[in-house]
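In: Okay, predicted coordinates and the sequence, questions at the end:
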Amino acid sequence: MNLFSTPWWLWRLTGLVLGLILHVGAFAQQTLQSGDFGVRAEEDGYFLQSTFDFDLPVGVEDALNKGVPLFFVAEVDVVKERWYWSDKVITHNERHMRLSYQPLSRRWKIYISSQPIAHTGLGVAMGQSFDTLAEALAMVKRVTRWKIAEQRQIDPNEKYRYNFNFRLDLSQLPRPLQMGAIGDSEWALSFTRSQRLIIDKSE
């Protein structure tokens, strides 16, 4: 296959991959920080509240504008501390987010699900549209009243902590883009925190 017979879509995809690789350095400079972060005990359970602050690098935003969706994953484990044995995981919770641009409507779409969002279908994911990328990202960066445990699962006489992790899931990028991202530490956008669970109810 000579250069002049190469399909147009292959040239476009190649250019997109090169553009993302060229902006890896910018992605590495992003600092993911948490503002409001904590768990509140209420009558019907324990709820996580958190906000993050990060900016997408130019290359990743360009990929979004060209129709490449991004997938974000938040995970939290509630763990009972045990001095006599390894700690026991009481609950495991996941929040999967798919961010994409809709060229026809010129709107941004966020799908949120408790299970991985497959490429072939959105299943039971909840969707919401936004006029701007900033508005869509605000939802990705914010966790509001995420129930991570029932009251009955927590023994007030025991000690617990919760381990939280948030990341950009590179494994769900189109395979050609994974070649320039997966395995490269400069593409790691993630946040991890572990804190003691306060069992007493807040007023």
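Out: In hand now; what should we look at?
In: Residue 96 - how many residues pack around it?
Out: By the criterion of other CB atoms under 10 Å, residue 96 has 19 neighbours. In this view, the C-beta of every residue, glycine as well, is placed from N, C-alpha and C.
In: any idea which element the most centrally placed residue in the chain lies in?
Out: Among the residues of the chain, the one closest to the centroid is residue 72, at 2.4 Å (CA atoms, centre = their mean). Under the criterion of DSSP states H and E, residue 72 resides in strand 70-80.
In: quick one: strands adjacent to that strand?
Out: If you go by DSSP bridges, strand 70-80 pairs up with strand 88-102 (antiparallel), strand 160-168 (antiparallel).
In: Same list, those strands, but as TSV with mean pLDDT and distance to residue 37 please.
Out: Shown next, in TSV, are the strands paired with strand 70-80 (pLDDT from 0 to 100; distance: least, CB to CB, whole Å):
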stretch	mean pLDDT	distance to residue 37
strand 88-102	94	15
strand 160-168	92	8
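In: which residue packs closest to residue 98, ignoring adjacent ones?
Out: Distance criterion CB to CB, 6 or more residues apart in numbering; nearest residue to residue 98, sequence neighbours excluded, is residue 111 at 4.3 Å.
In: Who does residue 129 form a beta bridge with?
Out: residue 109.
In: Check it and give its pLDDT.
Out: Per-residue confidence at residue 129 stands at 93 (pLDDT).
In: tally of neighbours for it?
Out: When counting by other CB under 10 Å, one arrives at 12 neighbours for residue 129.
In: correct me, but it touches residue 107?
Out: Yes - with contact defined as CB atoms under 8 Å, residue 129 counts as touching residue 107 (4.8 Å).
In: picking that back up, CA-only coordinates of the strand holding residue 72, as CSV, when you get a sec.
Out: C-alpha atoms of strand 70-80 as CSV (Å, rounded to 0.1, in the frame of the first residue of the first chain):
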residue,chain,number,x,y,z
LEU,A,70,-12.9,9.2,28.1
PHE,A,71,-13.7,6.8,30.9
PHE,A,72,-13.2,7.7,34.6
VAL,A,73,-13.4,5.3,37.5
ALA,A,74,-13.9,6.0,41.2
GLU,A,75,-13.6,3.1,43.7
VAL,A,76,-14.0,3.0,47.5
ASP,A,77,-13.6,0.2,50.0
VAL,A,78,-14.8,0.3,53.5
VAL,A,79,-12.4,-1.8,55.6
LYS,A,80,-12.5,-3.2,59.1
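In: Which residues are in contact with the residue nearest to the centre of the chain?
Out: Counting by CB atoms under 8 Å, 6 or more residues apart in numbering, residue 72 touches 96-97, 99, 140, 166-169.
In: between those, which is nearest residue 42?
Out: residue 166 (22.6 Å; CB to CB).
In: Who does that closest one form a beta bridge with?
Out: Residue 166 has these beta-bridge partners by DSSP bridges: residue 74, residue 191.
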